[in-house]
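Trainee: model the structure of this input:
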Amino acid sequence: MPSLDLDGGPQSPRDCRRFVNETATVWGVRGDQLDIARLLATELVTNAMLHGAPPIRISAHRSNAVVRIEVSDASPQLPLPRPFDVEAPTGHGILLVERLARRWGVEPVDTGKTVWFEVIGSTTVTAPQAAALPSQAIQA
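Mentor: Numbers count the residues shown, from 1 in each chain. Reported below is the predicted structural model:
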């Protein structure tokens with residue numbers, strides 16, 4: 001399972017998008033689903049930076065055509081969708097996840113919480129692509 005530890009610094013959202021782009025592309029996520037995966041992962045990492053606690057880890061799992069992206073942090077506080085407020089500069093991340101992901105959820109864990117979502121990719125991945133997982137990823 002590819003994963004990436006983030007330090008919560010200003011480069012973390014960019015590193016998250018790169019990780020998701022490389023991993024999801026290898027797994028056959030394309031077009032709108034790839035855009036959604038990058039957007040939602042960035043939202044979850046940003047939420048972890050603003051409302052969670054380090055360490056922050058993003059990881060990816062694939063089961064057939066379903067790609068699941070998880071963002072974990074050390075805060076036990078669970079995220080809650082807020083009503084949309086056009087004048088609010090923040091607070092739209094979980095609402096986006098709720099509306100755009102195939103499925104999503106949050107799981108309390110001993111070390112904090114994990115927020116996850118799913119998108120649809122391809123059911124086939126060729127061997128050369130499968131070997132091309134992101135160089136920044138660590139295999140857990």
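Trainee: now do the SS call for E118.
Mentor: strand (DSSP: H, G, I helix; E, B strand; the rest coil).
Trainee: that one and S59, how far apart?
Mentor: In this view, E118 and S59 are 13 Å apart by C-beta to C-beta, to the nearest Å. (C-beta placed from N, C-alpha, C; glycine too.)
Trainee: what do you get for V20?
Mentor: 10 Å.
Trainee: wait, what's in contact with V115?
Mentor: Each residue near V115 by C-beta atoms under 8 Å, 6 or more residues apart in numbering is listed here: L44, N47, A48, E70, V71, S72, P79, V97, W104, G105, V106.
Trainee: if we can go back for a sec, overlap of the contact sets of E118 and S59?
Mentor: With C-beta under 8 Å, 6+ apart, E118 and S59 have common neighbours I69.
Trainee: can you give me the helices in this protein?
Mentor: 12-26, 31-51, 93-100, 127-130 (DSSP state H).
Trainee: hmm, back to that, which one of the contacts of V115 has the most neighbours?
Mentor: Counting neighbours by other C-beta atoms under 10 Å, L44 leads the contacts of V115 with 31 neighbours.
Trainee: list the residues that contact that residue.
Mentor: I58, I69, V71, G93, V97, V115, F117.
Trainee: show the pLDDT at it.
Mentor: Looking at L44, its pLDDT stands at 97.
Trainee: rewinding a little: and the contacts of L44, which is the shakiest by pLDDT?
Mentor: Least confident entry in these, by pLDDT: G93, with 82.
Trainee: that one and D7, how far apart?
Mentor: From G93 across to D7, the span is 20 Å (C-beta to C-beta).
Trainee: circling back to that earlier point, can you list the contacts of L44 in CSV and add distance to D15?
Mentor: CSV is the format used below for the contacts of L44 (distance: C-beta to C-beta, whole Å):
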residue, distance to D15
I58, 9
I69, 14
V71, 12
G93, 17
V97, 19
V115, 17
F117, 18
